[in-house]
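**Student:** need a structure here:
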Amino acid sequence: MKRFAVPVFLLCLTLVGMTLVGCGSSNHPANINGTWNASLVDSNNGQTSFNFGTSLIVNGDGTLSITNFQFSSNSSCFVNGETETGSFTLSGNFNGQVSGKFAFTVQSNSANNTLTLSGTATGNTISGTWQLTGGTGCTGNGNFTMTRM
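**Tutor:** This next block holds a predicted model:
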């Protein structure tokens, strides 16, 4: 019985060790957690409409915890603060690259202005389209790019 138990124990130890090494590999990121900078370009004139920075953490349910959000461009559409919400859904191949669907919304606290971003995350870049709806002078659309810092 002892002859059988030792090889089985060693085999189990080897399998557990190989599994832990695979799970702990830093070559396969599982989310978009980190600090990001965004640039939103207007589709009508090709000019940058908004720039902002933020920190994102993906929660277990796919929603985003958003902190340190701040516009670095001036806009009369968002002058008295804003509320940010978002989601991220992983998809595709995880061979060293994060991939998934990204949604992000900024709602002004003092006006009915809403900035919506919809895109795809691939590695250290998120890109897609944006749309601003709201009051006079607070409408527009275009493309955006976010880069992990």
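**Student:** Let me know the next secondary structure element after the least confident helix or strand in the chain by mean pLDDT.
**Tutor:** Using mean pLDDT, DSSP states H and E, helix 2-23 stands out as the lowest-scoring helix or strand of the chain, at a mean of 42. For helix 2-23, the following helix or strand on the C-terminal side (DSSP states H and E) is strand 34-42.
**Student:** which outside residues touch that next one?
**Tutor:** 47-56, 68, 117, 126, 130, 140-149 (CB atoms under 8 Å, 6 or more residues apart in numbering). Just so you know, the C-beta spots here come from the backbone N, C-alpha and C atoms, and that holds for glycine as well.
**Student:** again, 6 Å this time
**Tutor:** The list of residues contacting strand 34-42 from outside it, by CB atoms under 6 Å, 6 or more residues apart in numbering, reads 48-55, 130, 140, 142-149.
**Student:** Repeat that for stretch 106-124.
**Tutor:** 32, 77-78, 80-84, 97-100, 102-105, 126-135, 138, 144, 148.
**Student:** So which of these are in strands?
**Tutor:** 82-84, 99-100, 102-105, 126-133, 144, 148 (DSSP state E).
**Student:** Filter those residues down to the buried ones.
**Tutor:** Buried members of the ones in strands among the contacts of stretch 106-124, counted by 16 or more other CB atoms under 10 Å: 82, 84, 100, 102-105, 126-128, 130, 132, 144, 148.
**Student:** So for the residue nearest the centre of the chain, what's the pLDDT?
**Tutor:** With distances taken as CA atoms, centre = their mean, the residue of the chain nearest its centroid is Ile32 (4.7 Å). For Ile32, the pLDDT comes out at 86.
**Student:** Also the one 5 residues further on?
**Tutor:** As predicted, Asn37 sits at a pLDDT of 97.
**Student:** so it bridges to which residues?
**Tutor:** On the basis of DSSP bridges, Asn37 is bridged to Gly53, Thr147.
**Student:** Verify the stated contact: Thr85 with Thr105.
**Tutor:** Yes: counting by CB atoms under 6 Å, Thr105 is a contact partner of Thr85 at 5.0 Å.
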